[in-house]
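J.: No letters, just coordinates:
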Ligand code: SF4
């Protein structure tokens, strides 16, 4: 027997956004005026610059 739809909704919560720069860790809103990774200037700067992105990826492989 399945739970009624109202009971399922009560246990749901939004997923925690993950920080792309700290894999496995949640976004802690460490940058000023951000609402999450989607408008984080630091994430944008690193991921939009091919050299910075490669340096970041290389640092994760060490
Ligand atoms: S604000 Fe940006 S850098 Fe800080 S934890 Fe969130 S996504 Fe990562």
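T.: That came in fine, so what should we check first? If you're wondering where the values come from, they're calculated on a predicted model, not measured in any experiment.

J.: Next, the closest residue to residue 53 other than its chain neighbours: secondary structure please.
T.: Nearest residue to residue 53, sequence neighbours excluded (Cβ to Cβ, 6 or more residues apart in numbering): residue 47, at 5.6 Å. (Glycine included, C-beta is placed from N, CA and C.) Taking DSSP: H, G, I helix; E, B strand; the rest coil as the rule, one finds residue 47 in the helix state.

J.: Next, see if stretch 35-42 gets close to the ligand.
T.: Yes - residues of stretch 35-42 contacting the ligand under Cβ under 6 Å from any ligand atom: 37, 40, 42.

J.: Pull out the buried residues from the residues you listed.
T.: 37, 40 (16 or more other Cβ atoms under 10 Å).

J.: Show only the entries of the residues of stretch 35-42 next to the ligand found in helices.
T.: The helices, defined by DSSP state H, take in residue 42 from those.

J.: Any stretches of the chain with poor pLDDT?
T.: Scanning the chain for pLDDT under 70 picks out 1-10.

J.: residue boundaries of the helices in it?
T.: Going by DSSP H, the chain shows helices at 5-11, 41-48, 50-61.

J.: helices or strands next to the longest one in the packing?
T.: Under the contact definition 3 or more Cβ pairs under 8 Å, 6 or more residues apart in numbering; DSSP states H and E, helix 50-61 sits against helix 41-48.

J.: where's residue 27 relative to the ligand, distance?
T.: Per Cβ to the nearest ligand atom, to the nearest Å, residue 27 is found 3 Å from the ligand.
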